[in-house]
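Q: Return a 3D structure for these sequence lines:
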Amino acid sequence: MSESVRFDSAADHYDRTRAISDETMARTIALLASELETRGRVLEVGVGTGLLALRLHEAGFSLAGLDLSAPMLGKLVEKAGGEPVFPLVLGDATQMPFGDGTFDGAYLRWVLHLIPDWRSALAEMVRVVHPGGVLLVCLGAFDEVSSAIRARFTEITGLSTDPVGLLWGDHDALDAELARSGAKLRVLPAIPEEEEETLGAFLDEVEEGRWSWTWHVPEDVRRDAVREIRPWAEERFGPLDRIERYESETVWRAYDLPGRESWTEPRLP
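A: Okay, here's the model as predicted:
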C-alpha cells in the first residue's frame, strides 16, 4: 500500500486551499482544453473534489478521475449533484488499477508533493497513457510571503515542512524523471494570477491545519507556533488585517510521450 498522504480530513476545505480566481480558472481550462481537445479519454490523477475535472467535463471532455481519498471523491459527487458524472476510481497513484495505454492523456495539479514515491506515480502515468499521448503537470508553488511564513514555522517548531514527495516547483527533477521515458518537454504559457487576502487570514488557515505542510504537526504545537508568528509577521510585513495583493504564475508543463516506434519501458525506481 502506498504511503501517499491521505487527506480525507481536508475534503471539506480543500477547495479553499486549491481554488483560483474565476479568470485564472477559465484560462486554465482553456489551456488544458487546447492540449486535450484532439485526445480521447483523459485521466486526472488526484482528482480530489473535481475543481478541474468538473469544468472539463462540462466542456465535453471524456474523463476519468483517480483519488486515494473516498471523502474527496464524495465531495466531487456532491458538487456534481449527487451522481458521478464520469468514472471515479478510488485508488493509489503509484499502483493504478488501469491497463497499459488505457488513456490518451493524463494530467495532475498539486499532487506530487503528497506522494513519497512520486517517481512511481509518474511511471504509472506513462504506463496508463498510450504511446504518443500527453502528460500535463502543474507542481504548484508558494509566493514569497507564504514561503517566509512556512520557514518561520519550521524554525519555531523544529519540524520539517518540506513535502513528503516532490518539492513544489522542482521542475528539474520532474523533467529528468520523465525524460527517462523518452517524454519531450513543452513548457506551456504561464497563467498570471492575482489574489487578495489578508496575512491574518492566511495565518488562520495555518493555525487550523488547512495546508498539507501542517498536517503532521500536533494541534497544540501548530497553534503555539502561529501565536508566536503573528507579531513577527506583523512587524515584518505590516498589519495582519490589511488586504494584500499577491501576484504569481501558474505553470503547466506538457510531456509528449514517444510513439510506438520509439517506445521504451518506463524505469521504475
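Q: For the longest strand along the chain, list the C-alpha coordinates in PDB.
A: Taking DSSP state E as the criterion, the chain has its longest strand at strand 129-138. Extracted C-alpha coordinates of strand 129-138, given in PDB (Å, rounded to 0.1, in the frame of the first residue of the first chain):
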ATOM      1  CA  VAL A 129      -1.300   6.600 -21.300                       C
ATOM      2  CA  HIS A 130      -0.800   5.100 -24.700                       C
ATOM      3  CA  PRO A 131       2.400   5.900 -26.700                       C
ATOM      4  CA  GLY A 132       2.100   9.200 -28.400                       C
ATOM      5  CA  GLY A 133      -0.200  10.600 -25.600                       C
ATOM      6  CA  VAL A 134       0.500  13.600 -23.400                       C
ATOM      7  CA  LEU A 135       1.000  14.200 -19.700                       C
ATOM      8  CA  LEU A 136       0.200  17.600 -18.200                       C
ATOM      9  CA  VAL A 137       1.700  18.500 -14.800                       C
ATOM     10  CA  CYS A 138       1.400  21.500 -12.500                       C
END
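Q: I'd like to know which elements it is packed against.
A: For strand 129-138, the packing partners by 3 or more Cβ pairs under 8 Å, 6 or more residues apart in numbering; DSSP states H and E come out as helix 22-36, strand 103-109, helix 118-128, strand 253-256. Placement of C-beta: from N, CA and C, glycine included.
Q: Please point out which parts of the top helix by length along the chain sit buried.
A: Longest helix in the chain, counting residues (DSSP state H): helix 219-237. For helix 219-237, a neighbour-count test (16 or more other Cβ atoms under 10 Å) marks 222, 225-226, 229, 233-234 as buried.
Q: Among those residues, pick out the one closest to residue 84, please.
A: Distances from residue 84 to the buried residues of helix 219-237, taken as Cβ to Cβ, are shortest for residue 222 (35.0 Å).
Q: Identify the residues contacting that closest one.
A: Contacts here follow Cβ atoms under 8 Å, 6 or more residues apart in numbering; on that basis residue 222 touches 157, 206-207, 209, 214.
Q: Many thanks, we can stop here.
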